Structures are given as structure tokens and as C-alpha cells.
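Peer 1: Next comes the sequence, and after it the predicted model I'd like to discuss.
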Amino acid sequence: MARFFVEMNLAVGETYDLPADVVRHINVLRLRVSDEIKLFNGDGHDYVAKFVLLEKRQIQVIICSALPVVNESPLRIHLLVALIANDKFDWVLQKAVELGVSQITPIYSQNTQRFKGERLESRLLHWQKIIIAASEQSGRATLVELQPPQELVAVTKSTISSTQKYILSPHHSGEFATIDKSLESVALLIGPEGGFTELEVELANKAGFQSVMLGKRILRAETAALAGICVLQSRFGDFVG
Ligand code: SAM
């Protein structure tokens, strides 16, 4: 059943006009009036809906039922990923949503690009769209929380609420903690193409981010991000088997 994100409160028995972007998407999919769709708004439910009106420019639906969606990982992963090249960053966002990350903060560091003003606004909108599309596809009914980019230095001075914090580094040996299934939240920091500077790693270490090396090979930042998430989900999250 096709599934769409809508930014509106939904209730069973109520009728809604769908927003223009969802109308366009439904037109592209050539859905018929007899089809049912699922809507979600990030509140943890899927809402099964039937068409009341299906026209090219206007679509109205009635909500038939609300189903709780139980597919969030028991481990809350906060991904802090340096702003790598745009296409690579987009890819990391998409995959991080699929892999069950719950919070993402883009990081500015010495070796990253920076966005300001309108460019930043349009990037944030673009990233939010990627998160929504990946949530639609992967069946998540809770949206990943996207924060505006932060300077690494600011992150090391702020309080990150995660129980454990790690910085991935190809030059500083260290491992994730041994298995502790009760671990509820973890922060994972990944550097840019040019890496973090020695000083940045030091700052992060002082702020409680323990260095972790994933093998002895240098991984691309996007590979390191995904590998790190997979190890965490497998040790403490919902990758079972
Ligand atoms: N020339 C850079 C350097 O030497 O640091 C390479 C940076 S690497 C392409 C980008 C990021 O991926 C790193 O900052 C680190 O966070 C992560 N990374 C890459 N390989 C890694 C490894 N083997 N173990 C842990 N993290 C790694």
C-alpha cells in the first residue's frame, strides 16, 4: 500500500484534503479511487485512508484506522556527521534513516564546507525531504530529528544527552564498549573527507567522545558512518540474528 507523509494532525473518521506534493505523488503513481493508502505524520502511527475525492488537482481522503507502528530501534543513535560532499551527505542521511538512527546533526569542522543564509535554509529543506522519503520507503512512522549544522567546537562544549559517545577515527585505536544491552542512547561522530584535525579529535575526547577505529583501512566518511551505525545496531540495537 502506498505510504505518504503529511504534516497534519490525523484522526479516524475525519476527512482531509491532501497537500499538493502528496497529490502530485498520487497522480504519478496513478492510484485508483478503489485503492487504499497509508498516511503518517510522525506520531508513530500509520493511518489507513480511502479516497473520497480523487481528481488531478484535489484529493480528499477519509481515515479508516490508525495502526501503531513498532519498528523503532531500542537504541537511540545520534549521528553527528561532518558536512561531506553534498551527494555523499544525502546518501548518508537516506541510509541512516533506513538503518534506524533517531537524530542527525550535520557538523562543521576545519575541513568542511559551510552553509549560511538562504543556502542553509534550502539545504535543511532538502535534507528534511530526504528524511521523509526514506521514512516513507522504510516504513518508519517516527521522523528522524534533524538539527541545524553545528560547529564541532560547539558540540564539544554542549551537553549531548547520549549515554555513550564515540568519535570514529582511523588513527586512534579504540573500540566500542563491550556488549551492554541496556544501552539506550549513543552519539556517533564522523569526520569529513579530509578527516578531523588532531586538535579536533583531542577536543572531542576531552568532551567524552571515545575514539573508535573500524579496522586498519581508511574508509570514506560515508562508509565509516554506515559501518559505525551497523556495529552499534548489531551490538546494542535491533539487528538480531
Ligand atoms: N585523510 C583522512 C584522515 O587521515 O583522517 C581520512 C578521513 S576519512 C576519509 C573520513 C572519516 O571517516 C574520518 O574522519 C573518520 O571519522 C572515519 N573513518 C575512516 N576510516 C576509519 C577507520 N578505519 N576507523 C574509524 N573511523 C574511520
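Peer 2: Here it is on my side, so go on. Numbering: from 1, shown residues only.

Peer 1: Point out where the chain drops to low pLDDT.
Peer 2: When residues are selected by pLDDT under 70, those of the chain lie in 179-181, 241.

Peer 1: for it, what spans make up the strands?
Peer 2: Using DSSP state E, the strands of the chain run over 3-5, 15-17, 36-40, 45-54, 59-68, 76-82, 103-108, 145-146, 150-151, 164-168, 185-190, 210-212.

Peer 1: Dump those to CSV, plus distance to the ligand and mean neighbour count.
Peer 2: C-beta here means a position set from N, CA and C on the backbone, and glycine is covered the same way. Below are those laid out as CSV (distance: least, C-beta to the nearest ligand atom, whole Å; neighbours: other C-beta atoms under 10 Å):
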stretch, distance to the ligand, mean neighbour count
strand 3-5, 31, 19
strand 15-17, 44, 15
strand 36-40, 33, 21
strand 45-54, 36, 18
strand 59-68, 36, 16
strand 76-82, 7, 24
strand 103-108, 10, 20
strand 145-146, 20, 16
strand 150-151, 16, 14
strand 164-168, 3, 23
strand 185-190, 4, 24
strand 210-212, 6, 18
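
Peer 1: can you list those strands in a markdown table and add distance to Lys88?
Peer 2: A markdown table is the format used below for the strands of the chain (distance: least, C-beta to C-beta, whole Å):
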| stretch | distance to Lys88 |
| --- | --- |
| strand 3-5 | 24 |
| strand 15-17 | 37 |
| strand 36-40 | 28 |
| strand 45-54 | 31 |
| strand 59-68 | 35 |
| strand 76-82 | 10 |
| strand 103-108 | 12 |
| strand 145-146 | 17 |
| strand 150-151 | 19 |
| strand 164-168 | 15 |
| strand 185-190 | 11 |
| strand 210-212 | 21 |
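
Peer 1: Val28: which of those is closest?
Peer 2: Closest to Val28 of these, according to C-beta to C-beta: strand 3-5, at 11.6 Å.

Peer 1: Spit out the contact partners of Ile84.
Peer 2: Applying C-beta atoms under 8 Å, 6 or more residues apart in numbering to Ile84 gives the contacts 92, 112, 192-193, 221-222.

Peer 1: Of those, which is the most crowded?
Peer 2: Ranked by the number of neighbours (other C-beta atoms under 10 Å), the contacts of Ile84 place Val92 first, at 25 neighbours.

Peer 1: my read: that residue touches Val81, true?
Peer 2: Yes - with contacts defined as C-beta atoms under 8 Å, Val92 counts as touching Val81 at a distance of 5.8 Å.

Peer 1: before we move on, the earlier item: including distance to the ligand, could the contacts of Ile84 go into a markdown table?
Peer 2: What follows is those, written out as a markdown table (distance: C-beta to the nearest ligand atom, whole Å):
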| residue | distance to the ligand |
| --- | --- |
| Val92 | 11 |
| Thr112 | 11 |
| Pro192 | 6 |
| Glu193 | 5 |
| Ala221 | 4 |
| Glu222 | 8 |
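
Peer 1: from those residues, which is closest to Asn71?
Peer 2: Closest to Asn71, out of all of the contacts of Ile84 and judged by C-beta to C-beta, is Val92, at 20.6 Å.

Peer 1: Count the neighbours of Lys95 for me.
Peer 2: As a burial measure, Lys95 scores 16 neighbours (other C-beta under 10 Å).

Peer 1: Spit out the contact partners of it.
Peer 2: Contacts of Lys95 (C-beta under 8 Å, 6+ apart): 134, 222, 225-226, 229.

Peer 1: what residues does this protein put near the ligand?
Peer 2: 168-170, 190-191, 193-196, 213-215, 217-221, 224 (C-beta under 6 Å from any ligand atom).
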